[in-house]
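In: Fold the following, please.
(one chain, ligands or ions: 2)
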Amino acid sequence: MQMNRFDYFMPTKMVYGQGVVREAGSSLALGQKALIVTGRSSARLSGALDDVLAVLPGEHVIYDEVENNPSVDTVMQGGALARKEGCDYVIAIGGGSPLDAAKAMAVLAVNDVHALDLYQNGWETRALPIVAIPTTAGTGSEVTQYAVLTIEDEETKKGLRGPDLFPHVAYLDPKYTESLPLGVTRDTAVDALSHLVESYLSKRATAASDLAALQGMALWGTTISALRQGTLDLEARDALLLASSLGGIAIAQTGTTLVHALGYSLTYYHDMPHGRANGVCMQAYLDYTMGVAPERVKTVLELLELDSVEAFGELMDALFIDEVGKIELTAETLAAYVDKAMQTNNIKNSLGDPVESDLSKILSASIK
Ligand code: NAP
Ligand code: FE
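Out: Residues are numbered from 1 along each chain as shown. Ligands and ions are numbered 1, 2, ... in the order given. Okay, the predicted model is just below:
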């Protein structure tokens with residue numbers, strides 16, 4: 001495959017290691033008054049909120065109502081709160097849901113418009129600066145310019161993007177992921193893996209995105225037996241957090257592909273966690289991509305020390321063993337999900353220029 005031209009842009013400062021938030025001290029503050037955005041439990045369970053509050057100078061107000069797969073209403077509320085309180089920067093703590101919601105709030109805090117307008121018209125005033133502190137190792141949102149929201153009117157999830165959505169600083173402390181239940185650890189780990197693989201198998205892959213994707217896949221591979229056995233020590237969590245951020249760095253350059261495009265319907269209509277929704281589509285995706293870019297797929301398998309696409313599928317099955325029931329789709333529903341996926345931008349990034357019939361095959365093979 002001939003390498004694409006590129007310009008590499010990743011403006012987020014990354015501070016990585018145990019204890020980095022407390023060590024940041026007063027430099028954690030990017031202004032006078034912070035809007036701290038988080039979910040209902042993650043900031044407290046992980047210990048990240050305690051660390052932030054222990055060192056943060058100035059004032060703050062907390063919005064801790066972000067739900068999984070955040071809604072337009074939630075980001076509207078947070079944006080309005082930031083405006084009312086006069087916040088001049090945002091601290092996001094949590095998984096991808098609070099991080100993404102915080103990004104949209106950082107825009108709405110300084111642009112008094114409806115969140116849905118942002119998709120149509122963009123925004124005039126640059127978002128408030130964002131500090132991102134991930135407590136899952138999955139989305140890489142702390143180093144991307146994307147914010148994915150659930151759009152009820154369109155019955156799907158959609159990403160906003162803008163250069164000002166890259167957080168100003170990301171503090172990465174693997175200790176914050178220790179409180180994750182095993183199921184969420186696995187789901188989010190598979191999201192990170194799907195970013196790395198999809199970026200490497202993207203039409204938009206560049207030498208720069210490959211650097212991150214290759215290193216990330218190798219690191220992710222070192223955690224496979226811990227993920228299988230459900231015994232994740234800090235070393236494995238360390239590797240997963242780095243792999244997740246490398247996945248973010250990679251998709252910031254390339255975007256994701258048909259896997260994410262299909263996964264959105266599995267999450268929206270079947271409440272499947274985001275990473276798992278990607279994971280179930282992965283084997284059929286790799287089978288398809290083997291037909292169009294075999295060398296790249298072989299490299300993925302080698303880095304993960306898996307000897308076939310089937311072995312990759314078996315790994316996904318092993319990680320989602322607690323999946324209750326399997327999804328059954330009528331031909332009509334399957335066609336509707338494929339149609340939705342075909343309308344996304346992600347689909348255009350997929351090698352092989354997949355058409356409806358390719359996606360139908362991939363989705364029906366995935367929902368066993
Ligand atoms: P999440 O939806 O943020 O969180 C899942 C669950 O884990 C929540 O119940 C959360 O609790 C809990 N949790 C988080 N950290 C915890 C911790 N340390 N200890 C205990 N529980 C914890 O999951 P996610 O997979 O990280 O994020 C998924 C979202 O990110 C999706 O909307 C997806 O579309 C988006 N995404 C964004 C990007 C991007 O580039 N921006 C890329 C991929 C995916 P709380 O209720 O307290 O939050
Ligand atoms: Fe994702």
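
In: Go ahead and confirm residue 90 touches residue 130.
Out: Yes - using C-beta atoms under 8 Å, residue 90 is in contact with residue 130, at 4.8 Å. In short, each C-beta sits where N, CA and C put it, glycine included.

In: which residues do those two both contact?
Out: By the contact definition C-beta atoms under 8 Å, 6 or more residues apart in numbering, residue 90 and residue 130 are jointly contacted by 102, 103, 106.

In: can you tell me the distance between the two ends of stretch 27-39?
Out: Stretch 27-39 has an end-to-end distance of 24 Å (C-alpha to C-alpha, to the nearest Å).

In: Whether it contacts ligand 1 - can you check?
Out: Yes - applying C-beta under 6 Å from any ligand atom, one finds stretch 27-39 touching ligand 1 at residue 39.

In: chain center to that stretch, what's the gap?
Out: 21 Å (C-alpha atoms, centre = their mean, to the nearest Å).

In: Just list the residues touching the residue in the stretch 251-368 of the chain positioned nearest to ligand 1, thanks.
Out: Closest contact between the stretch 251-368 of the chain and ligand 1, by C-beta to the nearest ligand atom, is at residue 274 (4.2 Å). Counting by C-beta under 8 Å, 6+ apart, residue 274 touches 69, 96, 138, 139, 187, 191, 263, 267.

In: quick one on the thing from earlier: can I have the buried ones of the shared contacts of residue 90 and residue 130 as a ChimeraX selection?
Out: Of the shared contacts of residue 90 and residue 130, the buried ones can be selected in ChimeraX as follows, counting by 16 or more other C-beta atoms under 10 Å:
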select :102,103,106
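
In: Flag every residue of the stretch 151-300 of the chain that's near ligand 1.
Out: Within reach of ligand 1 by C-beta under 6 Å from any ligand atom, the stretch 151-300 of the chain has these residues: 157, 176, 177, 179, 180, 184, 188, 191, 248, 274, 275.

In: what's the farthest-apart pair in these?
Out: Spatially, the most separated pair among those is 157 and 179, at 25.7 Å (C-beta to C-beta).

In: Compare those two and say which is more crowded by neighbours.
Out: Neighbour count, other C-beta atoms under 10 Å: between residue 157 and residue 179, residue 157 has more, with 21 against 16.

In: if I pick the more buried one, what's in contact with it?
Out: Residues counted as contacts of residue 157 (C-beta under 8 Å, 6+ apart) are 69, 148, 149, 150, 151, 264, 267, 268.

In: Mind doing that once more with 10 Å?
Out: 69-70, 100, 148-151, 260, 263-265, 267-268, 274, 277, 344 (C-beta atoms under 10 Å, 6 or more residues apart in numbering).
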